[in-house]
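>>> Fold the following, please.
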Amino acid sequence: MLVLGLVLMAFAVVAFCAGVFAAGDHGDASLLGIHVGATAVFLVGFCAGLALLFGFSLTKWGGKRQFRQARERRRLQGLAQQLDRAEAERTDTHDEHDERER
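Predicted structure coming up:
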């Protein structure tokens, strides 16, 4: 989601810049070789703004999710190490008990 958000934001910036720099003096423009009017330029800018906001939201959500997963992974690794140590102590204690009985 993080990468998708960044790609969407980059697309929005390119579309916004194309709309701004392609605009003529009379409110019409030529976007990608197509002659468009002022309404179309406005809609391109509006859609670019929406895409930018949505991309930012995806990036923020994806970053939080990755951070939460990394924190959970570290916690689980710590618990696994504690379990391994407890298991090793249990087997050592069990082995010592068996040796004393013999």
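>>> all strands of the protein, in order?
29-31, 34-36 (DSSP state E).
>>> what stretches of this structure score poorly on pLDDT?
Where the chain drops to pLDDT under 70, the residues are 23-28, 30-32, 94-102.
>>> how about a cut-off of 80?
For the chain, the stretches flagged by pLDDT under 80 are 1-2, 16-42, 44, 92-102.
>>> State which helix of this structure is the longest.
helix 38-101 (DSSP state H).
>>> just checking, what packs against it?
helix 2-22, strand 29-31 (3 or more C-beta pairs under 8 Å, 6 or more residues apart in numbering; DSSP states H and E). The C-beta positions use only the backbone N, C-alpha and C, and glycine is treated the same way.
>>> Now distance to Thr93 and mean neighbour count too, for these, in TSV please.
Output for the helices and strands packed on helix 38-101, formatted as TSV (distance: least, C-beta to C-beta, whole Å; neighbours: other C-beta atoms under 10 Å):
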stretch	distance to Thr93	mean neighbour count
helix 2-22	47	15
strand 29-31	76	16
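>>> okay if I get these as TSV plus distance to Leu50?
Shown next, in TSV, are those (distance: least, C-beta to C-beta, whole Å):
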stretch	distance to Leu50
helix 2-22	8
strand 29-31	17
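>>> Any idea which of these gets closest to Phe56?
Minimum separation from Phe56 across these (C-beta to C-beta) falls at helix 2-22, 6.3 Å.
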